[in-house]
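K.L.:
no sequence for this one, just the structure:
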């Protein structure tokens, strides 16, 4: 169920990267179509959106765009899908091309990331913040033991794979219609985020649930072990 008195946002899924760290799998397919238990990452992302009745979905493609187009020709996903191929460009250019066809606020997410983000809570947090944009962040968990050492090189403490008091960007941006003019002023998505942060115009929505990012072969193996914690296969 969607938040009351709030029009449903449209969704933009960023699917244009080359996925070089997932080669040789991505030699023939784009990263969002890499399979986890016989279903592509993109399937899980779209199914999560549909739980919140978000079915107007724009795919920002680039690398192997024709393969993504074929996937949607062959696969019925019960959503209104539009595919845009901006070529080998920065994310900001992909967004600029798509926003020309978007009428509502948008949720923007990465096509290689599966999370159980509560989109209703994200929207409510965004509305309360009165900011033009919200970014979903997640606690930083490092895969190493953290060692505290004193001035005499004596180990004072050791914590195995801790969760740090830091947050990482996992996508699921919520952006108002009013923000799109600003987006067209930039040539880089990174710079857009940096300048927006400097202007204190980004609300942080803290997600403490599950999160899977598939950037490497080892992360893909981890995803296969944990995907059923997020979505029923």
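P.N.:
Nice, I can see it. Predicted model only: the values in this text are computed from it and were never measured. Residues are numbered from 1 along each chain as shown.

K.L.:
switch to C-alpha atoms for all contacts and neighbour counts from now on
P.N.:
Fine.

K.L.:
can you name the farthest residue from the center of the chain?
P.N.:
Taking C-alpha atoms, centre = their mean, the residue of the chain most remote from its mean C-alpha position is residue 152, at 43.5 Å.

K.L.:
that one in helix, strand or coil?
P.N.:
coil (DSSP: H, G, I helix; E, B strand; the rest coil).

K.L.:
next: residue 57.
P.N.:
What three-state DSSP gives for residue 57 is strand.

K.L.:
and the residue farthest from the centre of the chain, what pLDDT?
P.N.:
Here, the pLDDT recorded for residue 152 equals 74.

K.L.:
gap between it and residue 158?
P.N.:
Going from residue 152 to residue 158 by C-alpha to C-alpha, to the nearest Å gives 16 Å.

K.L.:
go on, residue 40?
P.N.:
Distance check for residue 40 against residue 158: by C-alpha to C-alpha, it reads 39 Å.

K.L.:
please enumerate the strands of this structure.
P.N.:
10-15, 35-36, 39-40, 56-61, 80-85, 106-110, 113-115, 133-141, 146-149, 155-159, 163-169, 173-175, 202-206, 211-213 (DSSP state E).

K.L.:
pass me the low-pLDDT residue ranges in the chain, would you?
P.N.:
Scanning the chain for pLDDT under 70 picks out 1-6, 162, 164, 230-233.

K.L.:
repeat that with 50
P.N.:
Low-confidence segments of the chain (pLDDT under 50): 1-5, 233.

K.L.:
now do stretch 40-50: everything it contacts.
P.N.:
31-35, 55, 77, 79, 111-114, 116, 231 (C-alpha atoms under 8 Å, 6 or more residues apart in numbering).

K.L.:
now swap in stretch 163-183 and tell me
P.N.:
By C-alpha under 8 Å, 6+ apart, stretch 163-183 touches 92, 96, 99, 103-110, 113, 117, 122-123, 126, 132-142, 192.

K.L.:
buried set for stretch 177-187?
P.N.:
177, 180, 183, 184, 186 (16 or more other C-alpha atoms under 10 Å).

K.L.:
now do stretch 21-35
P.N.:
For stretch 21-35, by 16+ other C-alpha under 10 Å, it's 22, 25, 26, 29, 30, 31, 32, 33, 34.

K.L.:
going by distance to residue 13, which of the residues you listed wins?
P.N.:
residue 32 (9.6 Å; C-alpha to C-alpha).

K.L.:
how much space is there between the closest one and residue 173?
P.N.:
Applying C-alpha to C-alpha, the value for residue 32 to residue 173 is 18 Å.

K.L.:
which residues are in contact with stretch 208-224?
P.N.:
19, 21-22, 36-37, 112-117, 138-139, 227, 229-230.

K.L.:
mind picking the two most distant members of the residues you listed?
P.N.:
Using C-alpha to C-alpha, the contacts of stretch 208-224 span at most 26.6 Å, a distance reached by 37 and 139.

K.L.:
more neighbours, these two?
P.N.:
residue 139 (17 against 13; other C-alpha atoms under 10 Å).

K.L.:
quick check: chain neighbours aside, which residue is closest to that one?
P.N.:
residue 167 (4.6 Å; C-alpha to C-alpha, 6 or more residues apart in numbering).

K.L.:
and the one you found, how many neighbours?
P.N.:
Residue 167: 16 neighbours (other C-alpha under 10 Å).

K.L.:
look up how far residue 225 lies from the closest residue to residue 132 other than its chain neighbours.
P.N.:
Using C-alpha to C-alpha, 6+ apart and skipping residues adjacent in sequence, the residue nearest residue 132 is residue 176, 5.3 Å away. Distance from residue 176 to residue 225, counting by C-alpha to C-alpha: 36 Å.
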